[in-house]
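Participant: This is the structure alone, sequence omitted:
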């Protein structure tokens, strides 16, 4: 019988856990849902659709961006946010491949 040797990288575990904590909030899940299908939205659009304060929307967006789940681009005075699909795909693949 062959044993599988796992190469455990504590840094990668912490990074994954940090990203999962970042998305494990109802408001941040709602933001991710709004940005599906390569949509870009600015803060005003996001807090308007979610019916929350601008400061709250900015707080959640900054958390998602700092964990690499969202990207942003500036256009004049507006900052548009979008999903970094590669990172989100990695998270979803990890969850989907977990044995029940």
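Facilitator: Structure received. Keep in mind it's a predicted model, so treat the numbers as computed, not measured.
Participant: What is the neighbour count of residue 76?
Facilitator: 5 (other CB atoms under 10 Å). All C-beta spots, glycine's among them, are computed from the backbone N, C-alpha and C.
Participant: Surely residue 72 touches residue 65?
Facilitator: Yes. Using CB atoms under 8 Å, residue 72 makes contact with residue 65 at a distance of 6.1 Å.
Participant: list the residues that contact both of these two?
Facilitator: residue 81 (CB atoms under 8 Å, 6 or more residues apart in numbering).
Participant: Please report how far the spatially most central residue of the chain lies from residue 50.
Facilitator: For the chain, the residue nearest the mean C-alpha position is residue 69 (3.2 Å; CA atoms, centre = their mean). Per CB to CB, to the nearest Å, residue 69 is found 17 Å from residue 50.
Participant: for residue 19, same thing?
Facilitator: 21 Å.
Participant: who's more crowded, the two?
Facilitator: Neighbours per residue (other CB under 10 Å) separate residue 19 from residue 50, with residue 19 holding more: 19 against 15.
Participant: now the more buried one: how far from residue 68?
Facilitator: 7 Å.
Participant: Then residue 16?
Facilitator: Distance from residue 16 to residue 68, by CB to CB: 11 Å.
Participant: again with residue 33
Facilitator: From residue 33 to residue 68 the distance is 18 Å (CB to CB).
Participant: Would you mind telling me which of these two has the busier surroundings?
Facilitator: For residue 33 versus residue 68, the count of surrounding residues by other CB under 10 Å is larger for residue 68: 15 against 8.
Participant: Neighbours of the closest residue to that one other than its chain neighbours, how many?
Facilitator: Spatial nearest neighbour of residue 68, chain neighbours left out: residue 87 (5.1 Å); criterion: CB to CB, 6 or more residues apart in numbering. Residue 87 is flanked by 15 other residues according to other CB under 10 Å.
Participant: what helix or strand does residue 87 sit in?
Facilitator: helix 85-96 (DSSP states H and E).
Participant: gap between stretch 71-90 and the chain center?
Facilitator: 10 Å (CA atoms, centre = their mean, to the nearest Å).
Participant: Good, wrapping up.
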